[in-house]
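J.: Provided below for reference: sequence and predicted model.
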Amino acid sequence: MRSSLLAAAIFAVALPFPVMAGSDDNSLKIAFTREMDTLNPFLNTTREGVILSRHVWDGLLHRDQATGEYVGNLATSWAWIDDTTLEFTLREGVTFHNGEPFNADDVVYTMNFVADPENGVNPQRNVSWIKEAVKIDDFTVRILTDGPFPAALEFLSGPVVVLPDTYFAEVGPEGMATAPIGSGPYEVTESVPGESLTLTRFADYHAGSPKGTASIDTIIWRTIPEANTRIAEMLSGGLDWIWQVPADQADRLAATGRYNVVNESTMRIGYLYFDASDRHGETPFDDLRVRQAVSHAVNRQAIVDNLLKGASEVVHSACFPSQFGCDTTVTRYEYDPEKAKALLAEAGYPDGFEIPFVAYRNRDYAEAMMADLANVGIRTSLDYKKYAATRDQIQAGEVPFAFMTWGSYSINDISAITSIFFKGGIDDYARDPEVIGALDTGDTVTDPEVRRAAYSQALNRIADQAYWLPLFSYNSNYVFDLDLNFTPTPDEIPTFYNASWQ
């Protein structure tokens, strides 16, 4: 309530302020909520870091948002030589922001650096599939995978970017973290830790890039953690673009007639997981009927309709629907509290039971689910903490029941989600050999139809055994100046290099 009243006050005070359009000097003023600990693309795991990486660096490939197909960026062509060898022909005439010419040495240096676990790339899963890179000539390289890894092209179109070998050898990871150099459409020209970045359009960006030629000269990227402060800055003209605006505030901004307000889905999904393998010890969730009861007890559609709204939808598989291999024709658990009560009684819990309920975000979503569970006799106590603390406890096997989310780092392949949580690793609370085996096949066989079949087997087993209750996809409200041409995309990576002023 206090937040809503404060937001209303901000609207009342800020509306009369003049608007200072960024189009006057062809700059764009944007704000995000979190400070980045580092600007190094191989050490930054935040969503903001992913976005920055796509603007400052390029990869060998690029995934077309409209078609889902891979197109060349720093590479012009590529082919699988065998199940573990990819050969790339590189683009000539590319330069880095410091003037270094791009060639095979940069690719080989980058790939061999990130492939070494001693160099601490975070997250390791983005690069652990790389065995080594080999130079064939100045514009031909081969990347060898550590076993068959059919999702390699997806990673090479996203998180695995190419660094300038000479500069990186001189400054190391620390230098790249504070004074980054890439070959992307924008270069970092100023950094004030905790406050702002200045990105300047790279005048010598290569014309063959599928990212296109950037139109906006300067991007002023600010860190503003408080939502109401971002709203106030938007209303007063201090910002041209914000995102992740709560639905009620987005509606208020839309009502002013001064902004474009666009809702778009994201690849992030929410889920409930259960300790079905006794990592935390014996719990009621050892019984399939209890897991099924929880799955029938939670009114996911009501949470989507009343809280998430927008482009969100109920999710039934342990993946995001657009990801390669995501079979959505699995067992579904419709909202049915009476069935939930019957299943609990069959399992020996006619009066329900008590269990802690761990969450790190969206307290209102968590409380709605807790109310649904209470309605069938499951009494929960909310253990609400920051993500890092929650993740560490989960990975240590200390959390039997939690509401979590995952955005797959915008990797459009289920190896970036289902295989993370169900292949026997530190995040797996099912430890099901059938699921592990199917995922291992899907992750290593290059035939796409065999992969789809293996992933379908895993996802159906996960759903049948109710190891997860997939909840819903997330969405984001984007608010930006009426004169700004900007199109959100479902991968939750704003591409300001495609934006322009009217």
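T.: It's in. Numbers count the residues shown, from 1 in each chain.

J.: going forward, measure contacts between C-alpha atoms and count neighbours the same way
T.: OK.

J.: can you show me the CA trace of stretch 277-292 as PDB?
T.: Provided in PDB are the C-alpha atoms of stretch 277-292 (Å, rounded to 0.1, in the frame of the first residue of the first chain):
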ATOM      1  CA  SER A 277      15.200 -37.400  -3.700                       C
ATOM      2  CA  ASP A 278      15.700 -36.800   0.100                       C
ATOM      3  CA  ARG A 279      18.600 -34.300  -0.400                       C
ATOM      4  CA  HIS A 280      17.000 -32.400   2.600                       C
ATOM      5  CA  GLY A 281      15.900 -35.600   4.300                       C
ATOM      6  CA  GLU A 282      12.500 -37.300   4.400                       C
ATOM      7  CA  THR A 283       9.600 -34.900   3.600                       C
ATOM      8  CA  PRO A 284       6.000 -35.400   2.500                       C
ATOM      9  CA  PHE A 285       7.300 -34.700  -1.000                       C
ATOM     10  CA  ASP A 286       8.800 -38.200  -1.200                       C
ATOM     11  CA  ASP A 287       5.200 -39.200  -2.100                       C
ATOM     12  CA  LEU A 288       4.200 -38.500  -5.700                       C
ATOM     13  CA  ARG A 289       0.600 -38.000  -4.600                       C
ATOM     14  CA  VAL A 290       1.700 -35.000  -2.400                       C
ATOM     15  CA  ARG A 291       3.600 -33.400  -5.300                       C
ATOM     16  CA  GLN A 292       0.500 -33.900  -7.400                       C
END
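
J.: count of neighbours near the closest residue to Val161 other than its chain neighbours?
T.: Counting by C-alpha to C-alpha, 6 or more residues apart in numbering, Val161 lies nearest to Gly59, which is 4.2 Å off, once chain neighbours are set aside. If you count neighbours by other C-alpha atoms under 10 Å, Gly59 ends up with 23.

J.: so who does Gly59 touch?
T.: 73-74, 156-162 (C-alpha atoms under 8 Å, 6 or more residues apart in numbering).

J.: can you pick the most crowded of these?
T.: Neighbour counts for the contacts of Gly59 peak at Leu74, which has 27 neighbours (criterion: other C-alpha under 10 Å).

J.: distance of it from Val162?
T.: 9 Å (C-alpha to C-alpha, to the nearest Å).

J.: that older thread, could you report the pLDDT at the residue nearest to Val161?
T.: Looking at Gly59, its pLDDT reads 98.

J.: same deal with Ile10?
T.: Looking at Ile10, the pLDDT reads 47.

J.: in a helix, Gly49, correct?
T.: Yes: with DSSP: H, G, I helix; E, B strand; the rest coil as the criterion, Gly49 is located in a helix.

J.: check contacts around it.
T.: Contacts of Gly49 by C-alpha under 8 Å, 6+ apart are 36, 39, 41.

J.: hmm, the last one is touching Ser53, no?
T.: In this case it means Pro41. Yes: if you go by C-alpha atoms under 8 Å, Pro41 and Ser53 touch, sitting 5.7 Å apart.

J.: any stretches of this protein with poor pLDDT?
T.: 1-22 (pLDDT under 70).

J.: longest helix in it, please.
T.: helix 448-464 (DSSP state H).

J.: so after that one, what's the next helix or strand?
T.: strand 468-481 (DSSP states H and E).

J.: which outside residues touch the following helix or strand past that following strand?
T.: Toward the C-terminus, strand 468-481 is succeeded by strand 484-485 as the next helix or strand (DSSP H and E). Contacts with strand 484-485, where a contact means C-alpha under 8 Å, 6+ apart, come from 499-502.

J.: partner strands of strand 484-485 and their direction?
T.: strand 500-501 (antiparallel) (DSSP bridges).

J.: neighbouring contacts of the strand it pairs with?
T.: Contacts of strand 500-501 (C-alpha under 8 Å, 6+ apart): 23, 26, 215-216, 483-486.

J.: just put the contacts of Gly59 in JSON lines and tack on distance to Gly425 and secondary structure.
T.: What follows is the contacts of Gly59, written out as JSON lines (distance: C-alpha to C-alpha, whole Å; DSSP: H, G, I helix; E, B strand; the rest coil):
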{"residue": "Asn73", "distance to Gly425": "34", "secondary structure": "coil"}
{"residue": "Leu74", "distance to Gly425": "34", "secondary structure": "coil"}
{"residue": "Leu156", "distance to Gly425": "24", "secondary structure": "helix"}
{"residue": "Ser157", "distance to Gly425": "25", "secondary structure": "coil"}
{"residue": "Gly158", "distance to Gly425": "23", "secondary structure": "coil"}
{"residue": "Pro159", "distance to Gly425": "21", "secondary structure": "coil"}
{"residue": "Val160", "distance to Gly425": "22", "secondary structure": "coil"}
{"residue": "Val161", "distance to Gly425": "26", "secondary structure": "strand"}
{"residue": "Val162", "distance to Gly425": "29", "secondary structure": "coil"}
